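A.B. asks: 3D, please:
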Amino acid sequence: MLALISSSLSDSSSAFEGGNMLWLLVCAGLVFLMQPGFMCLESGLTRSKNSINVAVKNLADFGISLILFWGFGYGLMFGASSGWFGTSQFFVDMGRQPEQVAFFVFQAMFCSTATTIVSGAVAERLRFGAYLAIATLVSGFIYPIFGNWTWNGLENGVAGGWLGQLGFIDFAGSTVVHSAGAWVSLAALLVIGARIGRFSPNTPPQKIQGSNLPMAMLGVMLLWFGWIGFNGGSTLTFNEQVAGIILNTIIAGAAGMLMSGLLSLARYQHIEVELLMNGSIAGLVAITASCHAVSTLHAFLIGAIGGVVMMLVSRGLEHLQIDDAVDAIAVHGGAGVWGTLAVALFGQMDLLGTDLSRWQLFGVQFLGVGICFAWAFGLTLLLFWGGDRLFPLRVSAEAEDIGLNVSEHRAKTELYDLIQVMETQAETHDLSLRVPATPFTDVGHIAHRYNQVIDALERKTNDLLNYLRQVERVTAAAAAVESDTFQPVVLNPIALRSDELGQLARVFQTMFRQVKIRERALEDTRDQLAQANETLEHKVQERTAELAQANTEIRHLNQQLTSENRRMGAELEVTRKLQQMILPTDAELSSITGLEIAGFMEPASEVGGDYYDVLQEGDCVRIGIGDVTGHGLESSMVMLMAQTAVRTLVASGETNPTRLLNAVNRTIYDNTRRMASYKNMTLSLLEYEAGLLRLSGQHEELVLVRQNGEIESIDTIDLGFPLGLESDISHFIAETRVQLNPGDLAILYTDGITEAMNNQREQYGPNRLYAVLKRHRHLSPNDLRQAVIADVHNHVQEEAIADDLTLIILRQR
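C.D. replies: Predicted coordinates:
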């Protein structure tokens, strides 16, 4: 690229004259449009409860990157260089040559683009302050330093950085800009982890649907428009190459979109909107490194393969349970690497202006890609891994649930207000509350209709209450008529005529006769009630005597039950102590050579049904862990059967896992049927010798934490069968082997840990366990055990532990 620039400047005393400077400033404006493009894309592909947070991150990182690049980044990148970093041109001032200022403005837009790539990848879980730290690190140090190695001397056509001197070519930044941002994103994601609900054990990854796909598509179109300046302006002059560069750029973007759409149709039988958008951007990223030096046919191939690489990287990250919210790593990292290598594969050597052979150039390009990954990923991972232990980078689970709009910025939306009022009404039953209804919006229309429903419900409720009050008044009046408090109404006879008086007299006579009849009926009723009362009093006296006798008997029974409870409590305490006494002691575990081992068991009740044991025989260490259904005395008996059977069989020389597990199963099967019990248990046996783990038997997973922090989960579903259900399980038993390297951890646990539940009915889950293990893997097994158990108790808070907790941690010395 530097040779190309040099040749284009040969007829001019300055790299920027007249229309060239105008073209560069116009392209800087086009590249700036990529910033709102990324904002629309990322906001549309994330949930509405985080959309404001995503948008403000794009605004904030632009401001931070601009200031830092002005103050330090430009000087580190383009100042006088020793080959590693620049030492001049800090704090660019408008008093300098106009062409230098124009070049700075153009390059500042590139810096902000590299910075904002991280925003979408880490969306919906990262603290705003932590993101500002990332933006500062990228724009102030990571991007300028790598840019110095590759692009220093760009403005005058003389390579000043060591990679540029080797012949590394990246015309507009497939690696320098896009891959650098992607590798920073990957390091941050490894530290903060996946969003809640994205990955669960034994279930496919859950897709988190974006809130506004049309807005995301608008973002993609803005990015296309901005890419015209991104690639077209990288000539730094308005020359005859610009039109061809822009043609190659848009053709590659269309090819990436087309290829991703076809692959989506073949794989899913429909076209995924997100793949179509990301495929087009991947094509644009891929062509960015070589758009000045390839034919348009080759640009089509580079863009199409970029779409394929994007899909492969995206599926690989999903398989590794790395949660990139907008596939930024696949789009900018995967396609960026491919595009940089494609320079050597498809570039026209005369246009590239290099003395290297095609395969020498490929080696230099590969070296540049690797150096970018080591620099951006390695430095970010180191700083953020350490920083996360001092100041957690991720928001709390509660903050993630309500959304970062509210938890980080106190920025409410119409939808949030609607849900809050609905939840309050559901809890308080207060029908006077109304939802704020903003006109001419979808949520406002829903709020207006909801308020209409509440209005109608409130009216109906008030009508029902009025009706009930009327019924109460009529019932009270009727009761008064039936009672002795009834008083006849006295009329004024002067106001009535004689015929009317006669009629009233007859009416009153009839009423008085009815009243007399009613009085006689009431007298009869009083007599009957008096007789019934005497009978009732007699029966009450008889029943009182019976109750007194029953009370005496109950008091005696209570005394017996109290004595029995004391006796049973004492027996349970003895059983509990016996159960704890047969567990391996710390002295036993510390004496085992080759391994550091820590164990823990906490029963949910007086005695538990979990089992673990550690046996050493020569250089071989055997570890057993099991879980009997339920907990309590009966489960503990089955656990003791298993412990005794395993120890007896091993002591007698039986080490074959199939025969050993089948013999333990037969013991439990026969005994539980003799006891008329339906208990059964899962049991896994782990055999360690010289760094090799042999695992057999069905139980919870075996978790491996490698020294570099990588988590591996070994499923045991196909390695055995629950003990006590069948008389012979030998045909179910299998074995798997795992190599344990120095510093690696192996963790066995029972489901009481992962299923521990807080008062919001949220289980602790494997993901929280993985996070604690990964965060504290540098601790000793004893300290790591305490960290896990403390985190479980912190999760459940005041809730009672519903199941036994058992944990074994071992580390290869």
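A.B. asks: Which pLDDT value goes with Gly632?
C.D. replies: As predicted, Gly632 sits at a pLDDT of 68.
A.B. asks: The chain should start at 50 in everything you say after this.
C.D. replies: Yep, numbering from 50; the last one is Gly681 now.
A.B. asks: right, and Arg96 touches Ser260 too?
C.D. replies: Yes: at 5.3 Å, Arg96 and Ser260 qualify as touching, with contact defined as CB atoms under 8 Å. To be clear about C-beta, it is placed using only N, CA and C from the backbone, and glycine gets the same treatment.
A.B. asks: These two: who's more crowded?
C.D. replies: More neighbours surround Arg96 than the other of Arg96 and Ser260, with 20 against 17 (other CB atoms under 10 Å).
A.B. asks: residue contacts, that one?
C.D. replies: 173, 257-260, 452 (CB atoms under 8 Å, 6 or more residues apart in numbering).
A.B. asks: got the residue ranges for the helices in the stretch 350-499 of the chain?
C.D. replies: Under the criterion DSSP state H, counting those that start in this stretch, the stretch 350-499 of the chain contains helices at 377, 384-395, 398-401, 407-439, 446-451, 453-458, 463-477, 491-531.
A.B. asks: wait, which of the contacts of Arg96 is closest to Ala338?
C.D. replies: Comparing the contacts of Arg96 against Ala338 with CB to CB places Gly259 closest, at 29.1 Å.
A.B. asks: Burial check on Leu453, number of neighbours?
C.D. replies: Using other CB under 10 Å, Leu453 has 27 other residues around it.
A.B. asks: which ones are touching the residue nearest the centre of the chain?
C.D. replies: The residue lying closest to the centre of the chain (CA atoms, centre = their mean) is Arg244, at 1.7 Å. Contacts here follow CB under 8 Å, 6+ apart; on that basis Arg244 touches 173-174, 257, 372, 374, 449.
A.B. asks: Quick check: Ser329 vs Gln861, distance?
C.D. replies: Look at Ser329 and Gln861: by CB to CB, to the nearest Å, they are 47 Å apart.
A.B. asks: And the two? Which one has more around it.
C.D. replies: Under the criterion of other CB under 10 Å, the comparison of Ser329 against Gln861 puts Ser329 first, with 31 against 18.
A.B. asks: circling back to that earlier point, of the contacts of Arg244, which is the most crowded?
C.D. replies: Counting neighbours by other CB under 10 Å, Ala374 comes out on top of the contacts of Arg244 with 25 neighbours.
A.B. asks: Dihedrals phi and psi, that residue?
C.D. replies: In terms of degrees, to the nearest 10, the main-chain angles of Ala374 are phi -60, psi -30.
A.B. asks: Model confidence score at the residue nearest to it when sequence neighbours are not counted, please.
C.D. replies: Closest residue to Ala374 apart from its sequence neighbours, by CB to CB, 6 or more residues apart in numbering: Ala172 at 4.1 Å. Ala172 carries a pLDDT score of 92 in this model.
A.B. asks: so who does Ser339 touch?
C.D. replies: Ser339 sits next to 218, 220, 351, 388, 391-392, 395-396 when contact means CB under 8 Å, 6+ apart.
A.B. asks: Now it. Nearest residue, chain neighbours left out?
C.D. replies: Using CB to CB, 6+ apart and skipping the chain neighbours, the partner closest in space to Ser339 is Val392 (4.4 Å).
A.B. asks: Please apply the same query to Glu736.
C.D. replies: That would be Arg743: by CB to CB, 6+ apart, it lies 4.3 Å from Glu736.
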